[in-house]
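> Have a look at this prediction, sequence included:
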Amino acid sequence: MLRTEQFTINIGPQHPSTHGGLHVEAVMDGEFIVDAIVHLGYVHRSVEKIAESRTYPQYVPYTSRLDYLASHLPTLGYCQAVEKMLGVAVPERAEYIRIIMAEFSRIASHLLFIGSCAIDLGATTGLIYCLRDRERIMDMFEMTSGQRLIASYMRIGGVSEDLPDTFIPAARSFIADFPEMIAEYDGLIIGNEILQARLKGVGRLNADDAIAYGVSGPNLRACGIDYDIRKAEPYGIYDRFDFTVPLAENGDSWDRLLVRMEEMQQSIHIIEQALNQLPEGEVKAKVPRIIKPAEGIEVYHRIESSKGELGYYIVADGGEKPYRLHVRAPSFINLMVLPMISKGGKLQDIIANIATLDPVLGESDR
Amino acid sequence: MEHFFLNIAHSLIVWLMGLGLSSKGADLVLLIVQWICIVAIVTINVIVLIWLERKVAGFMQQRLGPNRLGPAGMFQTIADAIKLLTKEDIIPSAADRIIFRTAPIFFIIIAVMLYVVLPMGDGMQIVDLNVGVFYFISVASLSTICLLMAGWGSNNKWSLLGAMRSVAQMISYEIPLAFSLLGVIMIAGSLSLSDIVAAQNNIWFIILQPVAFITFFIAATAELNRGPFDMPEAEQELTAGAYTEYTGMRWALFFLAEYTNLVAVSALASTMFLGGWHGPWLPSWIWIIIKTYLVMLIFMWMKWTFPRIRMDHLMSFSWKVLIPVTLANILVTGAGIQFLAGMGW
């Protein structure tokens, strides 16, 4: 009998498929994974600590840098948290614009998810088609805020500026072309037998474990749990829109992919309704330049980000800066199940698992 | 035009004999010239192929591909070659230096050796071995050892994983590769590549052996380490697999050899299944170029479309699907030959 031994390989922090500075220490038995240890902190920028030395409005741009793939969503969460502290009412038009931008962010993030999922599994061309369509959303963000990736468009009390005239035609043409794009991804990526074989049954997460670990977002809904904060605890004006929460059953990588595909269609549906209902009016409420929430006000506000439950916990001490700010980052918590779902799989499975858990390291390391 | 290269070779021999060389000496000089020609063919093909692959990838991904240097970016490959030549040559301190250094050299030598038996036109074959197909397959299988050398010599876990994958993959896929060629050999009744081409005078073997062509194509993709079977390299998983530690020209030699193999295997596919150099109007050597490039375009199309298959799926596909199918193909071919012989064909 030959003597065999386990060995450790470091997947990352410099690795093509770790989506940033993720370091997974994998204990391998040949091609099989015996254990995986996730090391985080390579992109730690102390975003939470910075909040303590910035005034409330000054902190808005930092939130864009949390989840830079869907930059409107973390900004939306922060602005709504501060509005909750102050009790500011946001103008109607601003609410609608926020919904449109948030849902476009979700689509942009999910498009990149599908593209990076394809390229992590070796289908280089799949990425380019998703990026091509994501570019159109980025162009729309550029129209509104001048920034493509980290837009910082939302403000406490509304949005920074009204939509330009070019925005609504661009958004409508994107919505019109969307079924065609989905058909293309179905043909090139989703319908591919090799890709299906690589994802089906891989990295299965059962519902109980998902709840125990605090997994949220599409990863949770892929396990069959109907939990979407847009429905469970509607924030903003989400209660006015008609949409369904896509669910899957098995909780494997394939389901995580399918749930996101379906979620994009629902987002398009929401944007369509919001564009039709978009009222005229102000886009920013009158908010004093120096915000001083009273001492002892604590607020926790959560939104459904593209990655899951994104929460902000802010404590005020009566000054113009937060006393403490904490971000409940969905990527960080979702990533914690990676060792559990990867054990016993193969090296190629852990790549698929990282890709389908969809972590953003800027958010999980903060 | 048909006998352009043959005439050159003939006049070379006449000229050499005129200089007072014996006929054996003249043949020896001709052989050396032919070797130089092969190296030239390989180099030119690789330069064109790298450019073509980038253009094809660009076309499929809705981008332009290289477009700055020369017409349509044609000189990009040359610029890349210069860059690679001037790069620092890093040998990891923990590497097994002899194995690490010799692996790329053996890899390219083996790739070039394949061209000896390939008929590149009517009568244009350096050596017409009577076991040509056997020679080709056995030499091609040697490249596994070079990949294992590269993986082992690098003393890197990624490299070793890549090398181990490549060994498992190549051993599994050589069997269906050889089996799928057996049907053709049975019909042609010869292992010599020139005889096989001659047997396709009336009908191409792709029509008689469609299943064999498909299985050959799949097995050849795995044999060439190209997508969706690029396990040993597997950029997204193994960073660069067996080539992780290689830099500069050593890495370029691997790259060169992979494309050299691609040309050789595509040429073999067109020789075995697509009628070799047979074709109307144009000279025979142009026909083989056209057919080889068409086969290569299909290889590129596959590479840039499919995701990478998983290692265990790869193995089970070979042993559970490809090998039974090729065996059944041999059985049917044999029965068909016997039946037709009984009918008096």
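Yes, it's here. Numbering: from 1, shown residues only, chains lettered A, B, ... in the order given.
> Identify the residue nearest A:D29 in space, chain neighbours excluded?
Counting by Cβ to Cβ, 6 or more residues apart in numbering or on different chains, A:D29 lies nearest to A:Q6, which is 5.2 Å off, once chain neighbours are set aside. The C-beta positions use only the backbone N, C-alpha and C, and glycine is treated the same way.
> Then B:R308?
A:G122 is the one closest to B:R308 (Cβ to Cβ, 6+ apart), at 3.0 Å.
> quick one: the one you found from A:P234, how far?
40 Å (Cβ to Cβ, to the nearest Å).
> For the residue nearest to A:D29, give me the pLDDT.
According to the prediction, A:Q6 has pLDDT 85.
> contacts for stretch B:109-124?
B:2-3, B:5-6, B:38-39, B:41-42, B:125-129, B:132, B:135-136, B:139-140, B:142-143, B:146, B:193-194, B:197, B:256-258, B:260-261, B:264, B:267-268, B:271, B:276-277, B:283-285, B:288 (Cβ atoms under 8 Å, 6 or more residues apart in numbering or on different chains).
> now the strands for the stretch 51-200 of chain A?
A:154-155, A:158-159 (DSSP state E, counting those that start in this stretch).
> for the stretch 251-366 of chain A, same thing?
A:298-304, A:309-316, A:322-328.
> Alongside chain B, which residues does chain A contribute?
Residues of chain A lying close to chain B by Cβ under 8 Å from any Cβ of the partner chain are A:7, A:9, A:15-17, A:30-31, A:118-126, A:128-129, A:132, A:188, A:192, A:194-195, A:197-198, A:346-349, A:351.
> ok, 6 Å please
Proximity of chain A to chain B (Cβ under 6 Å from any Cβ of the partner chain) is limited to residues A:9, A:16-17, A:31, A:120-123, A:125, A:128, A:194-195, A:197-198, A:347-348, A:351.
> what sits against residue 281?
In the absence of a named chain, this looks at chain A. Neighbouring residues of A:G281 by Cβ atoms under 6 Å, 6 or more residues apart in numbering or on different chains: A:91-93.
> Which one of the residues you listed is nearest to chain B?
Closest approach between the contacts of A:G281 and chain B, by Cβ to the nearest Cβ: A:R93, at 36.7 Å.
> Next one: the nearest residue to A:G251 once chain neighbours are set aside relative to A:R256, how far apart?
Once flanking residues are discounted, A:G251 sits nearest to A:C223: 3.7 Å by Cβ to Cβ, 6+ apart. A:C223 sits 9 Å away from A:R256, going by Cβ to Cβ.
> ok, now B:A79?
42 Å.
> got the end-to-end distance for stretch A:225-232?
When the termini of stretch A:225-232 are compared using Cα to Cα, to the nearest Å, they are 12 Å apart.
> near chain A, which residues of the stretch 151-300 of chain B?
The stretch 151-300 of chain B has residues B:157, B:228, B:235-237 near chain A, with proximity defined as Cβ under 6 Å from any Cβ.
> What is the most widely separated pair among those residues?
Spatial extent of these (Cβ to Cβ) is set by the pair B:K157 and B:P228 at 23.9 Å.
> what about the two, which has more around it?
More neighbours surround B:P228 than the other of B:K157 and B:P228, with 22 against 16 (other Cβ atoms under 10 Å in any protein chain shown).
> I'd like to know how many residues surround the residue nearest to A:G251.
25.
> okay, it: pLDDT?
A:C223 carries a pLDDT value of 89.
> quick one: it from A:A151, how far?
32 Å.
> Any stretches of chain A with poor pLDDT?
Scanning chain A for pLDDT under 70 picks out the ranges A:1.
> Please identify which residue in it comes closest to chain B.
For chain A, Cβ to the nearest Cβ, closest residue to chain B: A:G122, 3.0 Å.
> Would you report the backbone torsion angles of that residue?
Note on A:G122: backbone dihedrals following degrees, to the nearest 10 are phi 100, psi 0.
> Report how many residues lie close to it.
Neighbours of A:G122 (other Cβ under 10 Å): 28.
> Distance of the residue lying closest to A:Q273 once chain neighbours are set aside relative to A:P359?
In space, and not counting its chain neighbours, A:Q273 is closest to A:F241: 5.2 Å by Cβ to Cβ, 6+ apart. Relative to A:P359, A:F241 is positioned 28 Å away (Cβ to Cβ).
> Tell me the secondary structure at B:P92.
coil (DSSP: H, G, I helix; E, B strand; the rest coil).
> Do I have it right that it meets B:E245?
Yes - at 5.3 Å, B:P92 and B:E245 qualify as touching, with contact defined as Cβ atoms under 6 Å.
> what about those two, which has more around it?
Comparing B:P92 with B:E245 by other Cβ under 10 Å, the one with more neighbours is B:E245, at 23 against 16.
> Spatially nearest residue to the more buried one, not counting backbone neighbours?
Distances taken as Cβ to Cβ, 6+ apart place B:S154 nearest to B:E245, at 3.9 Å, with adjacent residues excluded.
> Thanks a lot, catch you later.
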